[in-house]
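*Asks:* sequence-free structure coming up:
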C-alpha cells in the first residue's frame, strides 16, 4: 500500500489512565507527591556523596549515579504525565514523543548496566577485599560508568534506527501515560515486525545479560559469605548487599515482565502498573532503601544536617 499520499501524524494523544475526574485528581496528587519525594531524596543522596569524604568510595559513587538516573528518568516521564492530567488534548508532538521514548530507554538501559557494575563492586569488596582499593580505583570506576552509558546507547541503537523512519498516518492515540515504544509501534502504518524483533532482542540481551552478570557476582558472594566462620561475620558481609539486592529484584522483575516478551502491546492496564513501579515508585523508594538501611549514610545525613543548621544559626546570630 502506498502511504506517501496519506497525512502523517504530527502529534500523539497520551490517553493515560482514562478514569473518572475525581480519580484522576487523586492520581495526580499521589504522583506529584511521589515525584517530589523522589527528587528531594535522590538529590539528597547525590549531595551527601559529593560533600562527605566518608562516602567517597566506589559503592557510593555508583549509588550517586544511580540516584542521578532516577531523577533523570522520572523527569523524562512524570512532568508531562502530570501536565496531561488536566489537559483537554493530552497531546505530545511527534518529535517530543520520539525524544521522550529515546531518553527513557537510554537512561533506563544505563540503570541496568549500573546495577550490574554495583554487583561487581560488591563481589570485589567481599570476595577480594585486600585488593579492593587497587582494583576499584578512580580510573576503573570512571571507565565502568562510561562503559555503562556506552553499552546502553548501543543496546537501544538498533530499535531506535528501525523505529524512527516508520510512517504514522492513522490513529494517534497511545494507550499509555508516556511514549512507550510498544504501544507507539502499534500505531504505525507500515510493517513493524522487524522493529518489534529488534526491540525484543535488544531488551532480552540487555536485561538477561546484565542479570546474568549480577547473578554470577552474587553466586560468588554467597559462596564466600558461607565460608565465613561466624554468624556475625556472615550477617555483616550480607548487610552490605541487602539494599542492592532489593533494588535489583524490583527493577528486573517489573522490566522483564514489561519488555522481554513478544506481543507487548496487550494487557496495557497491567503494563501501566508495572511502568509506574519502574518510573515512579522505585525511584521514590531508592533513597530510603540506601539510606535507612545504611548506618554510614544515616550518620552522614545527621552530621551534615547538624553542620548546616549550626551554620544557619550562626549567620542569623551575627545579623
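*Replies:* Cool, got the structure. All values derive from a computational prediction rather than experimental measurement. Residues are numbered from 1 along each chain as shown.

*Asks:* Which of the helices or strands spans the residue lying closest to residue 144 once chain neighbours are set aside?
*Replies:* Excluding the flanking residues, the one nearest residue 144 by CB to CB, 6 or more residues apart in numbering is residue 117, at 4.8 Å. No exception for glycine: its C-beta is placed from N, CA and C like everyone else's. Residue 117 is part of helix 94-127, with elements assigned from DSSP states H and E.

*Asks:* Now that helix: buried residues?
*Replies:* For helix 94-127, a neighbour-count test (16 or more other CB atoms under 10 Å) marks 97-98, 100-127 as buried.

*Asks:* quick revisit: ok, so what distance separates the residue nearest to residue 144 from residue 124?
*Replies:* Here residue 117 is placed at a distance of 11 Å from residue 124 (CB to CB, to the nearest Å).

*Asks:* what's the answer for residue 244, then?
*Replies:* For residue 244, the distance to residue 124 - CB to CB - is 13 Å.

*Asks:* can you check residue 134 too?
*Replies:* Distance from residue 134 to residue 124, counting by CB to CB: 10 Å.

*Asks:* Give me the phi and psi for residue 92.
*Replies:* Residue 92 adopts backbone torsions of phi -140, psi 140, taken as degrees, to the nearest 10.

*Asks:* number of nearby residues for it?
*Replies:* When counting by other CB atoms under 10 Å, one arrives at 23 neighbours for residue 92.

*Asks:* what sits against it?
*Replies:* Residue 92 sits next to 11, 12, 13, 14, 80, 84, 100, 179 when contact means CB atoms under 8 Å, 6 or more residues apart in numbering.

*Asks:* surely the last one meets residue 103?
*Replies:* No - proximity of residue 179 to residue 103 does not meet the contact threshold set by CB atoms under 8 Å, at 10.0 Å.

*Asks:* about what we covered before: so what secondary structure elements neighbour the helix holding residue 117?
*Replies:* Contacts defined by 3 or more CB pairs under 8 Å, 6 or more residues apart in numbering; DSSP states H and E place helix 94-127 against strand 11-14, helix 58-85, helix 132-135, helix 138-163, helix 181-185, helix 193-226, helix 242-259.

*Asks:* where does the stretch 151-300 of the chain have low pLDDT?
*Replies:* Applying pLDDT under 70 to the stretch 151-300 of the chain flags residues 258-269, 292-293.

*Asks:* got CSV for the contacts of residue 92, with distance to residue 158 too?
*Replies:* Formatted as CSV, those follow (distance: CB to CB, whole Å):
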residue, distance to residue 158
11, 26
12, 23
13, 28
14, 25
80, 26
84, 30
100, 19
179, 18
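
*Asks:* Go through the residues you listed and say which is closest to residue 69.
*Replies:* The closest of those to residue 69 turns out to be residue 100 (CB to CB; 15.7 Å).

*Asks:* tell me which element the residue nearest to that closest one when sequence neighbours are not counted falls in.
*Replies:* Excluding the flanking residues, the one nearest residue 100 by CB to CB, 6+ apart is residue 179, at 4.7 Å. Using DSSP H and E, residue 179 falls within no helix or strand.

*Asks:* give the contact list for residue 179.
*Replies:* Neighbours of residue 179 in contact, by CB under 8 Å, 6+ apart: 12, 14, 92, 97, 98, 100, 101, 104.

*Asks:* where's the third one relative to residue 291, distance?
*Replies:* Going back to what we said before, that points to residue 92. 35 Å.

*Asks:* Likewise for the fifth one?
*Replies:* Applying CB to CB, one obtains 36 Å for the distance of residue 98 from residue 291.
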